[in-house]
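Colleague: Have a look at this prediction, sequence included:
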Amino acid sequence: MTDDAWDHALGGMHALAWEAGQLVGHASVVQRRLLHRGRALRAGYVEGVAVRADRRGHGYGAAMMDEIERVVRVSPRRHACVEVRRLRYPLLERATAGC
């Protein structure tokens with residue numbers, strides 16, 4: 001993760017995945033303002049999603065994204081954005097297949 005990516009993931013709400021007392025995953029949703037057709041929208045921007053390489057494929061990423069989605073749904077924002085880098089995030093590649 002680059003320093004810029006780390007800075008963007010700070011703040012907001014965080015979902016952490018733990019296994020046997022060890023942190024194995026992280027995701028956050030940070031409030032951002034997005035412009036769409038000249039209108040400013042408050043949005044939850046999903047940042048810093050990662051699962052430790054040896055724990056991928058065990059449902060941690062999906063569980064964290066479920067919690068992040070829950071946070072967005074109960075907030076007045078109700079819009080969420082996520083940038084997917086297919087080569088870097090295999091979990092998100094599977095989750096967004098066919099989009």
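Modeller: Yes, it's here.
Colleague: which residues of this structure fall in strands?
Modeller: 13-19, 22-36, 39-51, 80-82 (DSSP state E).
Colleague: Pairing partners for the last one, with directions?
Modeller: I take that to be strand 80-82. For strand 80-82, the paired strands and their directions (DSSP bridges) are strand 39-51 (parallel).
Colleague: got the angle between the partner strand and strand 13-19?
Modeller: Compare the direction of strand 39-51 with that of strand 13-19 by axes from the mean of the first three to the mean of the last three CA atoms, to 10 degrees and you get 10 degrees.
Colleague: Can you mark which positions in strand 39-51 are buried?
Modeller: Buried residues in strand 39-51, defined by neighbour count with 16 or more other CB atoms under 10 Å: 43, 44, 45, 46, 47, 48, 49, 50, 51. (Each C-beta comes from the backbone N, C-alpha and C, glycine too.)
Colleague: And stretch 55-71, by the same measure?
Modeller: Applying a neighbour-count criterion of 16+ other CB under 10 Å, the buried positions in stretch 55-71 are 56, 60, 61, 64, 65, 67, 68, 71.
Colleague: can you list the residues you listed in a markdown table and add distance to residue 29 and pLDDT?
Modeller: Compiled in a markdown table, the buried residues of stretch 55-71 are given as follows (distance: CB to CB, whole Å; pLDDT from 0 to 100):
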| residue | distance to residue 29 | pLDDT |
| --- | --- | --- |
| 56 | 21 | 90 |
| 60 | 17 | 95 |
| 61 | 14 | 92 |
| 64 | 10 | 95 |
| 65 | 10 | 92 |
| 67 | 9 | 93 |
| 68 | 5 | 90 |
| 71 | 5 | 85 |
